[in-house]
Every structure is written in C-alpha cells, then in structure tokens.
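Participant: how would this look folded up:
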Amino acid sequence: MTVIDTLLIDRGPGETRVAVLSGERVVEVYHHRHGLPSAGALYRGRAGKPLPNAAAIFVDIGLEQPALLACGSDRPPEGAAVDVRVVQPPRTDKGAKVALADPALAASALEAHSGDVVPPACLSDAEHPVAFCARRYSDSLKHILVTPGDADKAIAMLIGDTLQRCLTSDAGDLFSHYGVDEAIELALDPMAPFVGGGKLIIEPTAALVAVDVDAGPMHAAAANAAALDALANELRLRGLSGPIIVDLIPTKGRTALVERFKQAVADDPVRTQVSGLTPEGRLEINRRRSRPSLADLLLEDVRTGQLSSYAVVFDALRQCVRTGLAAGSARVTLSANQTVIAALRGPLQSALNEAEASLKAPISLQVADGVRMSYIDIVTS
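Facilitator: Sure, this is the predicted structure:
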C-alpha cells in the first residue's frame, strides 16, 4: 500500500501543477490547464453530423477538435443544443469522448449561469486536481506545500477546512527542490529501469500502450516480477491509460503474476482492470482514461521527445514571474521560438495576461530565430 503524505502545489499563469508524494517518491503529477476539460466536466454543445456507418455523432463543445458522442439510434438532430459530460479528455490527435449528461446535473449547472447559455459553452468544470487529491488522500496527508502569494487563499478553499493544518507556504521552486522536475523528465523517457538491472520499454501508440520487459542481468522470473512492480508505479506517474499490453518474458508460472499485479494496482485512484494473460502469455490491462498522460501534455512528438509549444509557454511564464518578482523588475523580456511566441499572442494570451498581473509589469515578447522549441531567455530591467 502506497501511503501518500505530501502534496506540492505550484499555481502558475494558466496552469496549476500538483505533485503527489509518498515520502521522497513522486507518485503522481497532475497538470490543470485553465479552459481544458477533464473527465466529468459538463458542456452544452452543438450536435454535428453523424459518423458514417456508426451510431455516433460529433459535438462541438468549443474545443479545437469536436467531441465524439455515442448515441445509438436516439440521435439529436444536427444543430441542436445537447448537454454532455466528458468521459475521456481530448488527446493530442483525438477529440474528447462524451456521454449525454444527467438532466438533473445539467439543470443544476445551468442554474449557476445567468440568462440563456448559447452553445458551445462549459456548464461546470470537473473536480480540480487539488480538491481531488485532498479528498482522496485526506486520511494520510501530513504536508500540503504551496509557494507564498495570493495562491494560498484559492488553494485553501480547494483543500477544505479539515486539512488547513497541513497547509504551509514554502518559498522557491517546489518542483525542482523536491525532485519532481527530475521525476517528470524520467517519466517522459520510454526506458524505465527497475531494481535488479532490468528495464521496461514503454511505447504509447494511438491504439494502446505497448510494454516490453528487458531482463538485463536478471533471471527471467525475477525480472517479470520486478517489472510488474515497477509498472504499477509507472502507470500512475506517467498517467498512462487505455489498453495496455505487457510482453512478459516466457517463463513457467507466469499466471501467478496476474494476482501479484492486481495487488500492486489495488490502491491506484484510477480504475485499473487486469484481464489476465493472452494465449501467448502477454498481460492485458485496461486503465480508465480520466486525464491526458504526461507525454500527451508535455511532448509535441513522443518519438523525438520534443516539448510541445504549450508546455514551453507555461514553463516560460512561471520563470518570468519568479525571475521578475525576485528582481523587483519593472519590465520582463521573454525571447523564445516563434511558435511559442505565437501561442502567447494567440490561444494562451489569457495566461500571459495572468503573468503580467502577477508581476504588475508588462512582459515583452521577442522571437528568437533558429532556436529549438525548448529555448527560453528571460531578461529583466
């Protein structure tokens, strides 16, 4: 049983990050990006065209890609307003999956809005990850660390009264100081070493997550057991979900590993079904999609490991605020890749505005020619 004792909360412009720790080990990392849905969010959308030869339609909920609604023969007419609940959040290459919202829940959410709600519109957000983690781990939490500043009041409301005793301000970069940044970097690598010298090779695809076990110097049976113990941790840390196939090393007695893995994922907050071994001896797992994986959130291309422009933007704005406040600057200049600058001037303009409000000073944007996506240069004056 993994005992969760610490939450680290870093609220930056446009994004709140939450790290869940057991002692010094990073167990889970959540990224809550303002305006992007998680499972459970309610929307009033606009029904689109039906899919050819499928009992489903697309629904415009105001995101870059339309959501997919499986509706059977009871299909709402094209153009009609329809209230839906996000079942699976959008991924890099796919829109969200939604289901028809419970009428009572939708009606309750609509009461919070004044006047008519014109689709597409968000009726209510999903539970914030800070509130979720506080509720899920309330019995074992001892420390909830936040950076000083105006975030404290907002965080205090999310964690509730009973955990106020755990709330502490901690100056500095929490994710760097407590090793979370390093854990994230390792979690974005397809190779995941485990105790004994073996390693997991984890390769997410559009359809499933393929996992191979490399025994290294270990005996096959010991490697399989150690690999599955490590995989239980990697699923939570990397946020992997959907169908997962593990290619175990052929040995006798592999069936006993199924029960071992069920015990290893028993305290996973995300429902994880362990189906058993295929006739070829591969372990089949299905973990509910409740949020994007770290790779989906942070990488432009999983194969190359290149960071996405959005990930760079949020990191850059965090650094701008920290650097500007520390220097007491009247002006901050950010130089970055042209795609990053375009995002700041376009879809992430609200995050830029939030950063400038925190600084009480403007942030000047400059395109740096010929630099990598991850390039950031910050100058204060």
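Participant: gap between the closest residue to residue 145 other than its chain neighbours and residue 299?
Facilitator: Take residue 145 and drop its neighbours on the chain: the residue closest to it by C-beta to C-beta, 6 or more residues apart in numbering is residue 170, 4.4 Å away. Placement of C-beta: from N, CA and C, glycine included. To residue 299, residue 170 is 29 Å away according to C-beta to C-beta, to the nearest Å.
Participant: How many residues are close by residue 142?
Facilitator: By the measure other C-beta atoms under 10 Å, the count of residues near residue 142 is 12.
Participant: Identify all contacting residues around the lowest-mean-pLDDT helix or strand in the chain.
Facilitator: Ranked by mean pLDDT, DSSP states H and E, the weakest helix or strand in the chain is helix 151-159, scoring a mean of 81. Contact with helix 151-159 is made by 9, 11, 128, 130, 131, 134, 144, 146, 164, 166, 167, 169, as judged by C-beta atoms under 8 Å, 6 or more residues apart in numbering.
Participant: quick one: strands adjacent to the next helix or strand after it?
Facilitator: Moving toward the C-terminus from helix 151-159, the first helix or strand encountered (DSSP states H and E) is strand 167-169. Strand 167-169 has its sheet partners listed here by DSSP bridges as strand 143-146 (parallel).
Participant: My understanding was that residue 41 contacts residue 86; is that so?
Facilitator: Yes - counting by C-beta atoms under 8 Å, residue 86 is a contact partner of residue 41 at 4.6 Å.
Participant: Which neighbours do the two have in common?
Facilitator: Shared contacts of residue 41 and residue 86 (C-beta under 8 Å, 6+ apart): residue 126.
Participant: With neighbour numbers in mind, choose between these two.
Facilitator: Using other C-beta under 10 Å, the more surrounded residue of residue 41 and residue 86 is residue 86, with 25 against 22.
Participant: In contact with the more buried one, which residues?
Facilitator: Residues near residue 86 by C-beta under 8 Å, 6+ apart: 37, 38, 39, 40, 41, 42, 43, 67, 96, 97, 98, 126.
Participant: Mind doing that once more with 7 Å?
Facilitator: 37, 38, 39, 40, 41, 96, 98, 126 (C-beta atoms under 7 Å, 6 or more residues apart in numbering).
Participant: Next: residue 368.
Facilitator: 335, 336, 337, 375, 377 are the contacts of residue 368 under C-beta under 7 Å, 6+ apart.
Participant: what would those look like in JSON lines with distance to residue 359?
Facilitator: What follows is the contacts of residue 368, written out as JSON lines (distance: C-beta to C-beta, whole Å):
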{"residue": "335", "distance to residue 359": "17"}
{"residue": "336", "distance to residue 359": "17"}
{"residue": "337", "distance to residue 359": "22"}
{"residue": "375", "distance to residue 359": "21"}
{"residue": "377", "distance to residue 359": "17"}
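Participant: Could I get the CA-only coordinates of the least confident helix or strand of the chain as PDB?
Facilitator: C-alpha atoms of helix 151-159 as PDB (Å, rounded to 0.1, in the frame of the first residue of the first chain):
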ATOM      1  CA  ALA A 151      -2.500  31.400  -4.500                       C
ATOM      2  CA  ASP A 152      -2.800  30.500  -0.800                       C
ATOM      3  CA  LYS A 153      -6.400  31.600  -0.400                       C
ATOM      4  CA  ALA A 154      -7.500  29.800  -3.600                       C
ATOM      5  CA  ILE A 155      -5.700  26.600  -2.500                       C
ATOM      6  CA  ALA A 156      -7.200  26.800   1.000                       C
ATOM      7  CA  MET A 157     -10.700  26.800  -0.400                       C
ATOM      8  CA  LEU A 158      -9.900  23.700  -2.600                       C
ATOM      9  CA  ILE A 159      -8.500  21.600   0.200                       C
END
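Participant: how far is that helix from where the chain is centred?
Facilitator: 20 Å (C-alpha atoms, centre = their mean, to the nearest Å).
Participant: Can you report how many residues lie near the nearest residue to residue 369 once chain neighbours are set aside?
Facilitator: Nearest residue to residue 369 in three dimensions, chain neighbours excluded: residue 338, at 7.7 Å (C-beta to C-beta, 6+ apart). Neighbourhood size, residue 338 [other C-beta under 10 Å]: 14.
Participant: Would you agree residue 276 is in contact with residue 258?
Facilitator: Yes - Residue 276 lies in contact with residue 258 (C-beta atoms under 7 Å); the separation is 5.3 Å.
Participant: can you give me the helices in the stretch 1-150 of the chain?
Facilitator: 103-111, 129-136 (DSSP state H, counting those that start in this stretch).
Participant: my bad, should have said the stretch 251-381 of the chain
Facilitator: Counting by DSSP H, counting those that start in this stretch, the helices of the stretch 251-381 of the chain are 256-264, 294-298, 309-327, 338-345, 349-359.
Participant: Run a quick neighbour tally on residue 119.
Facilitator: That count, for residue 119 with other C-beta under 10 Å as the rule, works out to 20.
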